[in-house]
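S.K.: Okay, here's the prediction I keep looking at, along with the sequence it came from:
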Amino acid sequence: MKRVFLDLETQGTDPGKHGVWQVSGCVDLGGKPLQHFNFILNPPEKYTWDERAREMYLEQKKIHGYDIERDGLPYKDFHQRFTREILAGVDKFNKYDKFFLVGYNVTFDDRFLRALFADCGDDYYGSFFAWPAIDVAVLAAHHLGEERLRMANFKLGTVAQRFGIQMEESKLHDAAYDIEMTREIYLRLNGRNPS
């Protein structure tokens, strides 16, 4: 099974108003990570910042040095690299050869990535990814059953702790770190030790 574990950081919650500034993930074949990636993007000027998202970005800028104006790829450059370097593992003309997109609350990421593809004039997003995407939050909720109702919240960090995954609170909301946590939860839910 071909999987792309994916997490995005965005300028807000509406793909019509807010852009994507970080795309991170891991290409996985049969439970083995083949390629990790972390792209910093500079969204087009038509997009604006939600105040809370901007604060989170500025915090990540302090911690990791991310600077979308200095280092961010324009959408078209990112799209070209992403489709050629990361998604090259599928034949987009073969309906039986697709990646499964995997993430935590993955519908959010899926909507933004689709909008990014559309901004780049690419109407063939579905040629790369099988539908539906695999949502690790849904899988975890099913696994935990009624225990989920007693949890303080269902944020990624809380769920990772519940599954005994060591994590650093200060690193959350960095897509590169979040996707590692997501992949470890997924592997534990499927009875495999994380690699």
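M.R.: In hand now; what should we look at?

S.K.: contacts, neighbours, all on C-alpha from now
M.R.: Noted.

S.K.: pLDDT weak spots in the chain?
M.R.: 193-195 (pLDDT under 70).

S.K.: Could I get the full set of helices for it?
M.R.: Counting by DSSP state H, the segments of the chain that form helices are 51-64, 68-71, 75-81, 106-119, 136-144, 156-162, 175-189.

S.K.: ok, and what's touching stretch 39-49?
M.R.: When contacts are defined by CA atoms under 8 Å, 6 or more residues apart in numbering, stretch 39-49 is touched by residues 11-12, 16-24, 66-69, 71-75, 78.

S.K.: Just the buried ones from the residues you listed, in PyMOL syntax?
M.R.: In PyMOL, the members of the contacts of stretch 39-49 classed as buried (16 or more other CA atoms under 10 Å) are selected with the following command:
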select buried, resi 11+12+18+19+20+21+22+23+24+66+67+68+72+73+74+75+78
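
S.K.: Out of the contacts of stretch 39-49, name the ones that lie in strands.
M.R.: 20-24 (DSSP state E).

S.K.: Mind listing residues that contact stretch 148-163?
M.R.: Stretch 148-163 is touched from outside by 104, 137, 140-141, 166-167, 169, 172, 178, 181-182, 185, 188, with contacts defined as CA under 8 Å, 6+ apart.

S.K.: Would you point out the most distant pair within the residues you listed?
M.R.: Comparing all pairs in the contacts of stretch 148-163 by CA to CA, the longest separation belongs to Ala141 and Glu169, at 21.2 Å.

S.K.: if you count what's nearby, which of these two comes out ahead?
M.R.: Ala141 (15 against 9; other CA atoms under 10 Å).

S.K.: Nearest spatial neighbour of the more buried one, chain-adjacent residues omitted?
M.R.: Of all residues not flanking Ala141 in the chain, Arg148 sits nearest, at 6.1 Å (CA to CA, 6 or more residues apart in numbering).

S.K.: hmm, which of the contacts of stretch 148-163 are the buried ones?
M.R.: By the neighbour-count criterion of 16+ other CA under 10 Å, those include these buried positions: 104, 137, 140, 167, 172, 178, 181-182, 185.

S.K.: winner for burial among the helices of the chain?
M.R.: With neighbours taken as mean count of other CA atoms under 10 Å, the helices of the chain reach their highest mean count in helix 175-189, at a mean of 22.

S.K.: now that helix and helix 136-144, what's the angle there?
M.R.: Note on geometry: by axes from the mean of the first three to the mean of the last three CA atoms, to 10 degrees, helix 175-189 and helix 136-144 are set 30 degrees apart in direction.

S.K.: List the contacts of helix 175-189.
M.R.: Residues outside helix 175-189 that contact it (CA under 8 Å, 6+ apart): 5-9, 22-26, 31, 37-38, 103-104, 136, 139-140, 143, 156-157, 159-160, 163, 165, 167, 171-172, 193-195.
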